[in-house]
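> predicted model follows, preceded by the sequence.
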Amino acid sequence: MINKLPVNTMKQVAVLGLGRFGTELTKSLASYGCEVLAVDENEEKTMAVAEYATHTASTNISEENNLRTLGISDFDAVIIAIGDNIQASIIAALNCKEMGVNYIVAKAQNEKHAKVLEKIGVDYVVIPEADTARKTARILTHPKINDLIEIAGGYSIAQIDVPSLWASKPLKELNIRNKYSVNVLILIHPDGKVDANPLGDTVLPADAKLIVGGNKKDIDNLSSKIS
């Protein structure tokens, strides 16, 4: 499954379906300053997120006319957060695609559901339970990797803590690319300052973080070598 990351920052987002996943997304998006339209057929669920969402609506999101009434195609992104009703999820995704929605995210119940959504043209498919399970396994087996995102074709980016043995040394001395087959993309200083594409003579501070990119196997190998 190849997920496409958004090109631009999403400022106006519609969340369709307010189960636990959709509700938490609404709250998180609002905390990041997004204007959020929260939609669910159950009015009680829309009322529960009213303090976080910019707008709420109670309607059947599998009906194309209802989506048009909401002006769904005007949003930067639409998140289809229905997981239990696979048919409604697929119909909503298809309607959004046909209406020309710029960027579509959808929750899938399982791999088969995800494949159907991908074939429809959904840009980013999430399987929360599977994603959480994989992340938990990675934390247990590769504790040095704070976060990892698989982009495409086996290529991933990950955030790692600068190992104590690397601190106060320049990148060229560490020779990370040749030793581990990964590229250092970003250096995040302890004070939050970001150094994009750091040069070879850049000295790594203690307690800093690195964003690295490469084959997932190589990133896993790097993690095992520095742990």
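Looks like it arrived, so ask away.

> from here on, contacts and neighbour counts on C-alpha atoms
Fine.

> ok, the helix or strand residue 195 falls within: who's next to it in the sheet?
Taking DSSP states H and E as the criterion, residue 195 maps to strand 194-196. Strand pairing for strand 194-196, using DSSP bridges, gives strand 183-188 (antiparallel).

> how about the strand it pairs with as PDB, C-alpha atoms only?
Extracted in PDB, the C-alpha atoms of strand 183-188 (Å, rounded to 0.1, in the frame of the first residue of the first chain):
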ATOM      1  CA  ASN A 183      21.100   9.700   4.700                       C
ATOM      2  CA  VAL A 184      20.900  12.400   7.400                       C
ATOM      3  CA  LEU A 185      18.200  14.700   6.200                       C
ATOM      4  CA  ILE A 186      17.600  17.000   9.200                       C
ATOM      5  CA  LEU A 187      19.300  17.800  12.500                       C
ATOM      6  CA  ILE A 188      17.000  19.000  15.300                       C
END
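
> give the buried residues for it.
183-188 (16 or more other CA atoms under 10 Å).

> endpoint to endpoint, stretch 111-130 covers what distance?
9 Å (CA to CA, to the nearest Å).

> er, stretch 180-191 I mean
Between the opening and closing residues of stretch 180-191 there is a gap of 27 Å (CA to CA).

> what's the spacing between it and its chain's center?
20 Å (CA atoms, centre = their mean, to the nearest Å).

> tally of neighbours for residue 56?
22 (other CA atoms under 10 Å).

> typo on my end, residue 27
Neighbour tally, residue 27, other CA under 10 Å: 18.

> what of residue 200?
Using other CA under 10 Å: residue 200 sits among 12 other residues.

> distance check, it against residue 62.
Applying CA to CA, the value for residue 200 to residue 62 is 54 Å.
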